[in-house]
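In: Okay, sequence plus prediction incoming.
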Amino acid sequence: MLEDPSYAEIVRWGDEGDSFVVLECEKFTKTILPKHFKHSNFASFVRQLNKYDFHKVRQNNEENGQSPYGQNAWEFKHPEFRANSKESLDNIRRKAPAPRKPTQAHDDSVPTQQIDLLNQQIVAQQQQIQHLSDRYAQMSVDHQLMLQEVMRVQKTVVNHENVIHQLVNYLVSMDSRQKRDGKSGPFQAQAGSNLSPSQAPPMDDGVSTPLQQASKLLSDMNAEIQFNLVGVDSMGEPPKTGGVVSTPTLETAPRNRVAPPPTAPAANPALVYPKMNGEMEPVVYPVGATNGIDPMYSEHVNNVPYTIPPKQEMDDRRQFHDNRKKSTNVDPGWVRSPRILLVEDDATCRQIGGKFLYSFSCEIDTALDGLEAVNKVQDGSKYDLILMDIIMPNLDGVSACHLIRQFDRTPIIAMTSNIRSDDIQLYFQHGMDDVLPKPFTRKSLLDMLEKHLVHLKVVSQGMEPPQPATPATMAGQSSAAQSVAVKDDGSPSQSPAAAMSAWQSPNQFQTMAVPPNLQQVQGQYVSANPAATAYTMDHNGVQYPAPPAVALGAAGPGTARAQPRRHISDISNGADNPNLAKRQRMYAPPPQAIVGSMQTTRTN
Amino acid sequence: MAPTETTKAKEEPAKTTKPRTLADMADSIDLATFDQILEMDEEGEHDFSQGIVYGFFEQAENTFTQMEIALKETNLGELSSLGHFLKGSSATIGLTKVKDACEKIQHYGAGKDETGNNDEPDLEVTLDKIKKTLETAKRDYKEVEASLREYFGDAAEPASSS
């Protein structure tokens, strides 16, 4: 077109061949444009040129002031648009769209990139969500674990509290025991010196302060009681002294003679003291022990031809009981508080039973029916004893016991008023260990506890006391008895030693209680005393029971075993005290089984 | 286990201001049993025993009501178990009369005679006996309830049981 000379007037190559010039805009628009374009609009043409990267050469015009091609001339220039080089036109074409295509591609790529980006973001977010949910799951698991841990910690804390509680109780009772030890100490010292003089000196040192304490306590005593004590002392003294005098170890007799007097007053005040403070729960334990001892002592005294002392003793005791009548909490001397599960649907029975158990220093858990009881045991609660009512809603006691027996051997005691023999047979068939007839009393309940929780009893060591003490007192007593008239129980053939061994075997005591080992025992005694351990306490308590124990043993096996029970009876029912025979009758039944075993051992 | 002179003597000083003594109730209350509940009280008050006894009042009145319903429905099994239930708690407190009556109801409800040893085949006889025994039980209960309320110091309270 540009080379067509006919149009030279209108449009032609520029002078330098690198541009083209539209000389006559009007003519170009009207004649040439329609031939090549669908329109005849010069402006559109220029726009097209611009799109193809043709540029109007304008600078020249402005710089020169005049276009070399005339006023209306439009010169367009393109780097590739040259005269006589048609091949370069391809470049122009491509070049024109080229810039556009890349941009278009760019436009397209932006969205895809964005989509990719979005996709990536979505994926990333999904991952994040996944991650979060994972973490959430992890957290909830952790949370569960923490909760469990907290629960466990809570349990532990509760247990610790219990332990602390027990410890405090124990310490307080220890304290009171210590005081008593201090009082009976002198006697120990003397006894120890009898057999092992080497032990005596340290003993005396240890005792001196407790003695002072004792005297201090004495001064606090009620005057009336003190009076009684004096009476008792003077009365009780003679038999003792007599016995000691005739002890085989005669060469030490002088010393012994001195010993008893201090012992009697010292120990008796000790008995009184706790009673005076009957309200203090921990102190009660000693009371129980001594109470159990006292009656026997009186019995023993009865066997000795001194008639007046026993009476005094009785009066004294009655007074004690009066004093402590209201003291409710009797510590039967557990090593630790027994955990008892009380299964009872009747609120009244549950409350009273719980209160009684509480007064025996037990930890109580309750269940309202057999189902709850089974669940509690199944959930891992550990009990030392289960008291089970029989007739209950949901699940009766026999069935509950049967179920519990599938996985647990905790002693279960049926509490029921249905105690016909076939009923009882049924209970035992389903794994019950014992039957506590309803309505139970405080005593029957405590008897049951002691029977089945012997392993928790400090008193099981408390029974030990008779042995160590027995040899000493027994020797004296027997000789005294022989010299006087021999006990009236009619079984003098039984030597003290035999009685002692009988005591010993049923209680699984070490052989140290046997007379030949007496020295050793006393040694232990002495060394333990200053430390004021629980054992010494019992030993001291025993000292008095010892003589009675011997007497009882001689009297008959049944009564012998009844001794520990008697502690209870004294504790729970002072009124019965004066009537020893009566009490004995009452308590004989429960220990029967044990008595039987004792009998067998005795016959050995 | 029988009540002794000493225990009774012990109780009196604790309630000198009360017109009644436990000894007056000895015919309907087993003092030994009741005493051991009183012994659980702290010195000088009766919080625990009173709580137990008043709790029992509630229990007894509910049980009597249920017994009457069961009687109307001639639900002997229910009567027997209600009798057993109240027997247990009354015995635990030592309310011997109430306990005895409840025991009879338990036996009657089980289709036995009052000793529980022999069968009582006649339903009418059984229901009649239960009805009478229930009346006795309620009368005995009211009596002992009044005594106990008096003992615990709120004499002016007539039981609200029907």
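Out: Sure thing, it's come through. Everything quoted here is computed from the prediction, not taken from an experiment. Numbers count the residues shown, from 1 in each chain, chains lettered A, B, ... in the order given.

In: in the chain, which ranges drop under the pLDDT threshold?
Out: Going with chain A. For chain A, the stretches flagged by pLDDT under 70 are A:1-9, A:14-15, A:40, A:57-72, A:80-110, A:181-332, A:458-604.

In: not what I meant, chain B
Out: Filtered on pLDDT under 70, chain B yields the residue ranges B:1-25, B:154-162.

In: Which positions in it make contact with chain A?
Out: Where chain B comes near chain A, counting by CB under 8 Å from any CB of the partner chain, the residues are B:1, B:4-7, B:10, B:32-33, B:36-37, B:39-43, B:48, B:51-52, B:55-56, B:59, B:81, B:84-85, B:87-89, B:91-94, B:99. Placement of C-beta: from N, CA and C, glycine included.

In: where's residue A:11 relative to chain B, distance?
Out: Note on residue A:11: its distance to chain B, by CB to the nearest CB, to the nearest Å, is 122 Å.

In: Check the contact between that residue and residue A:22; I expect there is one.
Out: Yes. Residue A:11 is within contact range of residue A:22, at 4.8 Å (criterion: CB atoms under 8 Å).

In: and for those two, which residues touch both?
Out: residue A:28 (CB atoms under 8 Å, 6 or more residues apart in numbering or on different chains).

In: Show me which of the two is the more surrounded one.
Out: residue A:22 (26 against 23; other CB atoms under 10 Å in any protein chain shown).

In: what's the next secondary structure element after the helix or strand harbouring residue B:53?
Out: Using DSSP states H and E, residue B:53 sits in helix B:47-72. The C-terminal neighbour of helix B:47-72 among helices and strands, as given by DSSP H and E, is helix B:76-93.

In: in that next one, what's buried?
Out: Across helix B:76-93, burial judged by 16 or more other CB atoms under 10 Å in any protein chain shown covers B:76, B:78-93.

In: And for stretch B:37-54?
Out: So, applying 16+ other CB under 10 Å, buried residues of stretch B:37-54: B:37, B:38, B:39, B:40, B:41, B:46, B:48, B:49, B:50, B:52, B:53, B:54.

In: The fourth one against residue B:50, yeah?
Out: No. The pair residue B:40 and residue B:50 fails to qualify as a contact (CB under 8 Å) at a distance of 11.2 Å.

In: circling back to that earlier point, tell me the two of the buried residues of stretch B:37-54 that are most distant?
Out: B:39 and B:54 (18.1 Å; CB to CB).

In: Any chance you could list what contacts stretch A:408-426?
Out: Contacts for stretch A:408-426 (CB under 8 Å, 6+ apart): A:341, A:344, A:349, A:353, A:377, A:382-391, A:397-398, A:401, A:404-405, A:427, A:431-440, A:448, A:452, B:84, B:87-88, B:91.

In: nearest residue to the residue nearest the centre of chain B other than its sequence neighbours?
Out: Centroid-nearest residue in chain B, with CA atoms, centre = their mean: residue B:98, separated by 3.5 Å. Once flanking residues are discounted, residue B:98 sits nearest to residue B:90: 4.2 Å by CB to CB, 6 or more residues apart in numbering or on different chains.

In: check contacts around the one you found.
Out: Shown in contact with residue B:90 (CB under 8 Å, 6+ apart): B:56, B:60, B:98, B:99, B:102.

In: again with residue B:80
Out: Neighbours of residue B:80 in contact, by CB under 8 Å, 6+ apart: B:105, B:106, B:107, B:108, B:109, B:110.

In: count of neighbours near the residue nearest to it when sequence neighbours are not counted?
Out: Nearest residue to residue B:80, sequence neighbours excluded (CB to CB, 6+ apart): residue B:109, at 2.8 Å. By other CB under 10 Å, 25 other residues sit near residue B:109.

In: would residue A:53 count as being in a strand?
Out: No. Counting by DSSP: H, G, I helix; E, B strand; the rest coil, residue A:53 is not found in a strand; it is coil.

In: Pretty sure it sits against residue A:77.
Out: No. Residue A:53 is beyond contact range of residue A:77, at 9.9 Å (criterion: CB under 8 Å).

In: Go through whichever helix or strand residue A:49 is part of and flag the buried ones.
Out: Using DSSP H and E, residue A:49 sits within helix A:42-51. Of all the residues in helix A:42-51, those buried under the rule 16+ other CB under 10 Å are A:42, A:45, A:46, A:49.

In: Next secondary structure after it?
Out: That would be, after helix A:42-51 and using DSSP H and E, strand A:55-56.

In: which helices and strands sit right next to that following strand?
Out: strand A:74-77 (3 or more CB pairs under 8 Å, 6 or more residues apart in numbering or on different chains; DSSP states H and E).

In: Return the distance of the residue nearest to residue B:98 relative to residue B:131.
Out: Plainly put, residue B:90 is 19 Å away from residue B:131 if you go by CB to CB, to the nearest Å.

In: which ones are touching the residue nearest to residue A:358 when sequence neighbours are not counted?
Out: The shortest distance from residue A:358 to any non-neighbouring residue, by CB to CB, 6+ apart, is to residue A:364 (6.1 Å). Counting by CB under 8 Å, 6+ apart, residue A:364 makes contact with A:340, A:342, A:354, A:357, A:358.

In: In helices, which of those appear?
Out: The helices, defined by DSSP state H, take in A:354, A:357, A:358 from the contacts of residue A:364.

In: got JSON lines for these, with distance to residue A:147 and neighbour count too?
Out: Output for these, formatted as JSON lines (distance: CB to CB, whole Å; neighbours: other CB atoms under 10 Å in any protein chain shown):
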{"residue": "A:354", "distance to residue A:147": "30", "neighbour count": "18"}
{"residue": "A:357", "distance to residue A:147": "32", "neighbour count": "23"}
{"residue": "A:358", "distance to residue A:147": "32", "neighbour count": "16"}
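
In: Can you tell me which of those lies closest to residue A:165?
Out: Distance to residue A:165 across the ones in helices among the contacts of residue A:364 (CB to CB) is lowest for residue A:358, with 12.5 Å.

In: Residue A:342 versus the closest one, what's the distance?
Out: For residue A:358 relative to residue A:342 (CB to CB), the value is 10 Å.

In: any idea which helix or strand carries the residue of the stretch 1-150 of chain A found nearest chain B?
Out: With CB to the nearest CB, the shortest gap between the stretch 1-150 of chain A and chain B falls at residue A:150, namely 34.5 Å. In this assignment (DSSP H and E), residue A:150 forms part of helix A:97-195.

In: so is the closest residue to residue A:355 other than its chain neighbours in a helix, a strand, or just coil?
Out: Among residues not flanking residue A:355 along the chain, residue B:40 sits closest, at 4.8 Å (CB to CB, 6+ apart). Under three-state DSSP, the three-state class of residue B:40 is coil.

In: Kindly report the same for residue A:436.
Out: strand.

In: Pull up the gap between it and chain B, please.
Out: According to CB to the nearest CB, residue A:436 stands 12 Å off from chain B.

In: try residue A:434
Out: Residue A:434 sits 18 Å away from chain B, going by CB to the nearest CB.

In: Give me the neighbour count for that residue.
Out: Neighbours of residue A:434 using other CB under 10 Å come to 19.

In: in the sheet, who's paired with it?
Out: Here residue A:434 sits in beta bridges with residue A:413, going by DSSP bridges.

In: looking at it, it is touching residue A:447, isn't it?
Out: No. Using CB under 8 Å, residue A:434 is not in contact with residue A:447; the gap is 10.1 Å.
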